[in-house]
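Peer 1: how does the following fold in three dimensions:
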Amino acid sequence: MSYRALVVPEKGARAQLRDLEEPCVVPEGARVQIEVSHSSVNYKDAIALTGGPGILRSAPLVPGIDAVGTVLEGSAEWSPGRRVLVNGAGLGERTDGGLAESVVVPAAALLALPAAFSGREAAAIGTAGFTAALALLALLRHGISPDSGEVLVTGAGGGVGSFAVALLASAGCRVVASTGRAEERGPALRELGAAEVVDRTQLAEGGKPLQSTRWAAVVDSVGGVPLANALAQTRYGGVVAACGLAASADLPTTVMPFILRAVTLTGINSVDAPTLARQQAWELLARTLDSATIEAIAPRTVGLGEAPGVATDVLAGRIAGRVVVDVRG
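Peer 2: Down below sits the predicted model:
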């Protein structure tokens, strides 16, 4: 039976809406086929959809690192009809992703859809919210609490940053949100719980490896010079969770923050997170996020054929927050 999918036919090409009779690439090992209801357009997806390099390991391939839907063909654990979700796990990079009406996913990465969320809400949270939850869990494991001091969130206008602001504020932290759209996004970020919104230019210029301290912790999704400055401004024993490279993959710093202030830099990898980490992150999301918060971060839903156009806007910085894709539309 055929199904619609956005397919990148060859590396460097833009995605095309096609009817497929079978997947382009499926994962090895135990796997489950799901009927997809919703996906999203993440930054990685935007690059892949527009023919950009560095995301797809092979072509043709279906992009989409998030998928929410219902089990079609399962296993002893995942019976047909169960509502499920998956984030990362190679989808839209190594194997076909969620921007299709059907996808085969690794069984180990599959989770039951939390009862707290609709399919649209789970896709709105997607990898962005999942990554933010992993970052918060990392901070908590390193002893960060509301009493520790201010927490900086860089790239706060994006999906990961927006969810990080909401989750940290709900945990009782005083959150300072850094964004390149401080005037535009400031009111929305304050609604999500930011105590202060600052312009990213405050972190954009190269500085000394040790600067005046302010942050007890940082959630960084931009990398580059902003991450180096954030490290230089983190207090003794503070923790910086790095989960993105929107500014740069470079890290122009020294060992000084680590050996003189005992700062911890911890990496967040949402793609290959093990099952327990996935479960813990989504349990945190289900306990913390309500429908109003999710809608504020992801107010827009588009059909499958509209996703490539949205991808262009994402890369151009014209999209705030998240965009959900209803693959049935």
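Peer 1: next up, the contacts around residue 170.
Peer 2: Applying CB atoms under 8 Å, 6 or more residues apart in numbering to residue 170 gives the contacts 193, 288. C-betas here are computed from N, CA, C, even on glycine.
Peer 1: do you know how far it is from residue 286?
Peer 2: Residue 170 sits 12 Å away from residue 286, going by CB to CB, to the nearest Å.
Peer 1: so what are the domain limits for this protein?
Peer 2: What automatic domain parsing lists as the domains of the chain is 3-116+289-326, 128-267.
Peer 1: first-to-last residue distance for the shortest one?
Peer 2: Counting by CA to CA, to the nearest Å, you get 15 Å between the two ends of domain 128-267.
Peer 1: next, count neighbours for residue 84.
Peer 2: Neighbourhood size, residue 84 [other CB atoms under 10 Å]: 20.
Peer 1: I'd assumed residue 66 was in contact with it.
Peer 2: No. Counting by CB atoms under 8 Å, residue 84 stays clear of residue 66, with 11.9 Å between them.
Peer 1: spatially nearest residue to the residue nearest the centre of the chain (excluding sequence neighbours)?
Peer 2: In the chain, the residue lying closest to the centroid (CA atoms, centre = their mean) is residue 128, at 2.2 Å. Distances taken as CB to CB, 6 or more residues apart in numbering put residue 159 closest to residue 128, at 3.2 Å, once the chain neighbours are dropped.
Peer 1: could you measure from that neighbour over to residue 195?
Peer 2: For residue 159 relative to residue 195 (CB to CB), the value is 21 Å.
Peer 1: between the two, which is the more surrounded one?
Peer 2: residue 159 (29 against 15).
Peer 1: show me where the stretch 101-250 of the chain has helices.
Peer 2: 119-141, 159-170, 182-192, 201-204, 224-232 (DSSP state H, counting those that start in this stretch).
Peer 1: contact partners of the last one?
Peer 2: Right, the one you point to is helix 224-232. 152, 154, 178, 200, 203-211, 215, 218, 220, 240, 242, 245, 247-253, 256-257, 263, 265.
Peer 1: among those, name the buried ones.
Peer 2: Those of the contacts of helix 224-232 that meet the buried threshold are 152, 154, 178, 200, 203-204, 210, 215, 218, 220, 240, 242, 245, 247, 253, 257, 263, 265, by 16 or more other CB atoms under 10 Å.
Peer 1: can you flag which of the residues you listed belong to strands?
Peer 2: Counting by DSSP state E, these place 152, 178, 215, 218, 220, 240, 242, 265 in strands.
Peer 1: residues in contact with residue 313?
Peer 2: Contact partners of residue 313, counting by CB under 8 Å, 6+ apart, are residue 319.
Peer 1: list the contacts for residue 70?
Peer 2: Shown in contact with residue 70 (CB under 8 Å, 6+ apart): 34-35, 37, 80-84.
Peer 1: tell me which two of these sit farthest apart.
Peer 2: With CB to CB as the measure, no two of the contacts of residue 70 lie farther apart than 37 and 80, at 14.9 Å.
Peer 1: the more surrounded of those two?
Peer 2: Neighbour count, other CB under 10 Å: between residue 37 and residue 80, residue 37 has more, with 22 against 13.
Peer 1: so the residue nearest to residue 128 sits right up against residue 294, yeah?
Peer 2: No. Taking contacts as CB under 8 Å, residue 159 lies outside contact range of residue 294: 11.2 Å.
Peer 1: ok, how many other residues are close to residue 212?
Peer 2: So residue 212, with other CB under 10 Å, has 7 neighbours.
Peer 1: quick one: it from residue 229, how far?
Peer 2: Using CB to CB, we find residue 212 at a distance of 11 Å from residue 229.
Peer 1: try residue 119
Peer 2: Remark: distance between residue 119 and residue 229 (CB to CB) = 40 Å.
Peer 1: and if you look at residue 63?
Peer 2: Here the criterion is CB to CB. By it, residue 63 lies 33 Å from residue 229.
Peer 1: and these two? which has more neighbours close in?
Peer 2: Higher neighbour count among residue 63 and residue 229: residue 63, with 32 against 24, using other CB under 10 Å.
Peer 1: next, the more buried one: phi, psi?
Peer 2: Phi and psi for residue 63, reported as degrees, to the nearest 10, are phi -70, psi 180.
Peer 1: I'd say it and residue 95 touch.
Peer 2: No. Contact criterion CB under 8 Å: residue 63 and residue 95 do not qualify, at 11.0 Å.
Peer 1: pLDDT wise, what is residue 23 at?
Peer 2: Looking at residue 23, its pLDDT is 96.
Peer 1: and what about it, helix, strand or coil?
Peer 2: For residue 23, the secondary-structure state derived from DSSP: H, G, I helix; E, B strand; the rest coil is coil.
Peer 1: number of nearby residues for the closest residue in space to it that isn't next to it in sequence?
Peer 2: Closest residue to residue 23 apart from its sequence neighbours, by CB to CB, 6+ apart: residue 96 at 4.8 Å. Neighbour count for residue 96, taken as other CB under 10 Å: 28.
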